[in-house]
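A.B. asks: Pasting the sequence and the predicted coordinates here, then a few questions.
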Amino acid sequence: MRETVRQAARATVQLALAVGLTVFSYVFVTVLLITAIGTIAILGAWLLPETVLLIRRIAGAKRSMTAAWTGREIPDAYQPINGSLRSRLRTAVRDPGTYVDLRWMAANYGYGALGLLALPLWLAGLPVDGVWCGLLRRRPLVLPLISGLADLDAAWSAALLRPSPKALLTKRVEQLTQTRAGAIAAHSAELRRIERDLHDGAQARLVSLSMRIGLAKRAYERDPAAGRRLLDEAQEHAEEALAELRQVVRGIHPPILTDRGLAGAVRALAAGSGLDVVVQADDVEAGPRAPVAVESAAYFVVAEALTNAAKHSGSRQAAVRLTRTRAGLRVVVRDEGKGGVTTPDGTEAAGTGLAGMRRRVAALDGTFSVASPAGGPTVIEAELPCAW
Amino acid sequence: MRVVIAEDNALLREGLVLLLTSAGHEVAAVAVAEPEILPALLRHRPDIAVLDVRMPPGFRDEGLRAALAARSQIPGLPVLVLSQYVEVAYAAELLGVGASGIGYLLKDRIGRVEEFLDALNRVAAGGTALDPEVVTELLARRRSTPLDSLTPREREVLKLMAEGHDNTTIAATLVITERAVSKHIGNVFLKLGLPPTDVGHRRVLAVLAHLNAQ
């Protein structure tokens, strides 16, 4: 009986929220009508996008309420309303999401008030079920109906609020367009950096090397000692150029990644980090390899995270885990240090390379998260989509 | 000395052959791809093998694998592995078969002809030649260890020792007497808690084992 009452109480809260939202949207319809009239009269044109945004928030509230009740997420697929008034108006009117919301809202005027039935059900249910279930030890009859009401409300809302497959696709395309633009920007920035590194470093040294060899050739007969000195300098420049080229190559694509694959390369990183690192990479050891860009990004994330851990965490313990997921590759780096890489309001400590990691992962349409409460531990997680 | 070379890049291959022959060595065979390396070594049984790490057909670590395979088929064969970049992990694998007659150097070092030939001779004679970059990396990755108690001079001595140099060379490089070198080495071994060993590859192994241990 106690469980039944508790469940019914939970459902009542859910229904009360639903009724509250419905009442709010009754009021809201007035605003909507005014806006519609206003828009026709042109005067209220600027009001329309704002109204659509408000509808989105109401529908959003209903989505999260329903998700909380059923435990199943209801996706949304809105197009962003921004830019000039004209483009905001156009999006507000053309976005299929607007009509999904309006359809729900209209239907909700009807079924939204269902929750009010909870009150008589309580009044009837407490004495009836009290006797039926409490005294006669039978299954409760009336109170579960309240849960049924909440279930019904959630089921209808979920069905009405779910965007059409087309809208979901449109949203996905939008996301992909954005990440692709990000990837291209990151790629160009990378190319410019490499070009600059080569131009200022190795190329300049090779020029000066060639110059010194030329001078040495001229000095060869007249002043062998000077010639020898110039050749010594030329050799030093050649060695420096080689060292710089090696650095540039490492920055583009670490050679050990080519040689040993991600698992081997990450183990080498761990061994060189100066920390006691437990590496779990059996999952990616055998079988097909991830695309080069994915391996490269994963390596970069592990390298940066371990550098951070060695520099800032104050701990000597760290763990790296690489796992294949259905959607791609998951990288988790955890250290047992003092944490505090991110503050509670979400800003990140400077100089930790977190922004760089995030960019690199986002460029591949991946997700990146940092959990680092003060007192530790710090857990950095990246998920890079790829087909296996 | 009779040398077998494995190097796929024509420019570097010609340069190496030129360098070795002008130093009075004989190049018995040149392998330009991984499948040729082992047969060439088995047929010619050279005094030393000079192998490039990245070779066709895979362009990964074929030379390194060939070196390890050669050592298991021809025990004690001196092998000098050359690479465009060095990895401590690779050095550890090479030394896993014993430091005697093992060399692992950056290709850059070939430019210093005298030093390169010296390293070649050392490896052929059963010694060790480890690239300074590997040793630096090994020293850098250890934090708050007995290494911190070493004086700067002792660290220098340790580095040269790990690269595979003998006392005479260490003394000449640091411009100190050989007796001073022995004294520093004694201190290093004492501070690191290593059993005193004689000159040569066993000493290198002891030092590297200490550095590599986590």
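C.D. replies: Yep, it's here. Everything numeric here is computed off the predicted structure, so don't read it as measured data.
A.B. asks: For the rest of this, base every contact and every neighbour count on C-alpha atoms.
C.D. replies: OK.
A.B. asks: Helices of chain A, residue ranges please.
C.D. replies: For chain A, helices defined by DSSP state H occupy the ranges A:2-40, A:47-70, A:85-94, A:96-111, A:118-129, A:143-161, A:165-198, A:204-222, A:224-252, A:255-271, A:282-285, A:292-308, A:354-362.
A.B. asks: low-scoring stretches of the chain, by residue?
C.D. replies: Chain wasn't specified; assuming chain A. A:1, A:38-44, A:343-351 (pLDDT under 70).
A.B. asks: you looked at the wrong chain, it should be chain B
C.D. replies: Short version for chain B, where the test is pLDDT under 70: B:142-145, B:197-201, B:212-214.
A.B. asks: Would you mind naming what in chain A lies close to chain B?
C.D. replies: Selection of chain A residues close to chain B by CA under 8 Å from any CA of the partner chain yields A:235, A:239, A:242, A:246, A:255-256, A:258-260, A:268, A:272-274, A:276.
A.B. asks: any idea which of those is closest to residue B:146?
C.D. replies: Among the residues of chain A next to chain B, residue A:274 lies closest to residue B:146 (CA to CA), at 14.4 Å.
A.B. asks: so what's the closest one closest to, chain neighbours aside?
C.D. replies: residue B:141 (4.6 Å; CA to CA, 6 or more residues apart in numbering or on different chains).
A.B. asks: shouldn't that neighbour be in contact with residue A:269?
C.D. replies: No: counting by CA atoms under 8 Å, residue B:141 stays clear of residue A:269, with 10.7 Å between them.
A.B. asks: neighbour count winner among the two?
C.D. replies: A count of neighbours by other CA atoms under 10 Å in any protein chain shown puts residue A:269 above the other of residue B:141 and residue A:269, at 21 against 16.
A.B. asks: Next up, the contacts around residue 21.
C.D. replies: This is for chain A. Each residue near residue A:21 by CA atoms under 8 Å, 6 or more residues apart in numbering or on different chains is listed here: A:58, A:62.
A.B. asks: think we crossed wires, I meant chain B
C.D. replies: residue B:27.
A.B. asks: from the middle of its chain, how far away would the host helix or strand of it be?
C.D. replies: Assigned by DSSP states H and E, residue B:21 belongs to helix B:10-22. Centre-to-centre, helix B:10-22 and its host chain are 20 Å apart (CA atoms, centre = their mean, to the nearest Å).
A.B. asks: For chain B, what lies in contact range of chain A?
C.D. replies: Residues of chain B lying close to chain A by CA under 8 Å from any CA are B:59-61, B:84-85, B:87-89, B:108, B:111, B:137-138, B:141-143, B:214.
A.B. asks: follow-up on the earlier one: I'd like to know which elements the helix or strand following the helix holding residue B:21 is packed against.
C.D. replies: Next helix or strand after helix B:10-22 toward the C-terminus (DSSP H and E): strand B:26-31. When contacts are defined as 3 or more CA pairs under 8 Å, 6 or more residues apart in numbering or on different chains; DSSP states H and E, strand B:26-31 packs onto strand B:2-6, helix B:10-22, helix B:34-44.
A.B. asks: how about a cut-off of 10 Å?
C.D. replies: Secondary-structure packing of strand B:26-31 (3 or more CA pairs under 10 Å, 6 or more residues apart in numbering or on different chains; DSSP states H and E): strand B:2-6, helix B:10-22, helix B:34-44, strand B:48-52.
A.B. asks: okay, these, which one's buried deepest?
C.D. replies: strand B:48-52 (a mean of 27; mean count of other CA atoms under 10 Å in any protein chain shown).
A.B. asks: picking up where we left off before, possible to save the residues of chain A next to chain B as CSV with neighbour count?
C.D. replies: As requested, these are exported to CSV (neighbours: other CA atoms under 10 Å in any protein chain shown):
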residue, neighbour count
A:235, 17
A:239, 20
A:242, 20
A:246, 18
A:255, 21
A:256, 22
A:258, 18
A:259, 17
A:260, 16
A:268, 18
A:272, 21
A:273, 22
A:274, 22
A:276, 17
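A.B. asks: For those residues, name the two members farthest from one another.
C.D. replies: Greatest spatial distance among the residues of chain A next to chain B (CA to CA): A:235 and A:276, at 39.6 Å.
A.B. asks: Toward the C-terminus from the longest helix seen in chain B, list the very next helix or strand.
C.D. replies: In chain B, with assignment by DSSP H, the single longest helix is helix B:178-192. Downstream of helix B:178-192, the first helix or strand assigned by DSSP H and E is helix B:201-212.
A.B. asks: Mind listing what's buried along that following helix?
C.D. replies: The neighbour-count check on helix B:201-212 (16 or more other CA atoms under 10 Å in any protein chain shown) flags B:201-208, B:211-212 as buried.
A.B. asks: What of stretch B:136-151?
C.D. replies: Quick answer for stretch B:136-151 (16+ other CA under 10 Å): B:138-139, B:141-142, B:147, B:150.
A.B. asks: Format these as TSV; extra columns: secondary structure and distance to residue A:187.
C.D. replies: What follows is these, written out as TSV (DSSP: H, G, I helix; E, B strand; the rest coil; distance: CA to CA, whole Å):
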residue	secondary structure	distance to residue A:187
B:138	helix	33
B:139	helix	35
B:141	helix	32
B:142	coil	35
B:147	helix	42
B:150	coil	45
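A.B. asks: wait, which of the residues you listed is closest to chain A?
C.D. replies: The shortest gap between chain A and any of the buried residues of stretch B:136-151 belongs to residue B:141, at 4.6 Å (CA to the nearest CA).
A.B. asks: hang on, the closest one packs against residue A:307?
C.D. replies: No: if you go by CA atoms under 10 Å, residue B:141 and residue A:307 don't touch, sitting 11.5 Å apart.
A.B. asks: what sits in contact with each of those two?
C.D. replies: Common contact partners of residue B:141 and residue A:307 (CA atoms under 10 Å, 6 or more residues apart in numbering or on different chains): A:273-275.
A.B. asks: how close does residue A:365 get to residue A:300?
C.D. replies: 16 Å (CA to CA, to the nearest Å).
A.B. asks: Identify the residue nearest residue A:14 in space, chain neighbours excluded?
C.D. replies: That would be residue A:150: by CA to CA, 6+ apart, it lies 6.6 Å from residue A:14.
A.B. asks: Can you report how many residues neighbour that neighbour?
C.D. replies: Look at residue A:150: counted by other CA under 10 Å, it has 25 neighbours.
A.B. asks: With residue A:110 instead?
C.D. replies: Residue A:110 has 10 nearby residues by other CA under 10 Å.
A.B. asks: and the residue of the stretch 51-200 of chain A found nearest chain B, how many neighbours?
C.D. replies: Using CA to the nearest CA, the single residue of the stretch 51-200 of chain A nearest to chain B is residue A:198, 17.1 Å away. The local packing of residue A:198 (other CA under 10 Å) involves 17 other residues.
A.B. asks: same check, this time on residue A:170
C.D. replies: Applying other CA under 10 Å, we find 16 residues neighbouring residue A:170.
A.B. asks: before we move on, what about residue A:325?
C.D. replies: 15.
A.B. asks: What separation is there between it and residue A:68?
C.D. replies: Applying CA to CA to residue A:325 and residue A:68 gives a distance of 26 Å.
A.B. asks: list the helices and strands the longest helix of chain B packs on?
C.D. replies: Applying 3+ CA pairs under 10 Å, 6+ apart, we find helix B:178-192 packed against helix B:152-163, helix B:167-174, helix B:201-212.
A.B. asks: Enumerate every residue touching residue A:227.
C.D. replies: Counting by CA under 10 Å, 6+ apart, residue A:227 touches A:212-221, A:233.
A.B. asks: Quick check: PyMOL command selecting the buried ones in the residues you listed.
C.D. replies: Buried subset of these, written as a PyMOL selection, criterion 16+ other CA under 10 Å:
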select buried, chain A and resi 212+213+214+216+217+219+233
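A.B. asks: can you put the contacts of residue A:227 in a markdown table and add distance to residue B:119?
C.D. replies: Output for the contacts of residue A:227, formatted as a markdown table (distance: CA to CA, whole Å):
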| residue | distance to residue B:119 |
| --- | --- |
| A:212 | 28 |
| A:213 | 26 |
| A:214 | 30 |
| A:215 | 31 |
| A:216 | 28 |
| A:217 | 29 |
| A:218 | 33 |
| A:219 | 31 |
| A:220 | 29 |
| A:221 | 32 |
| A:233 | 23 |
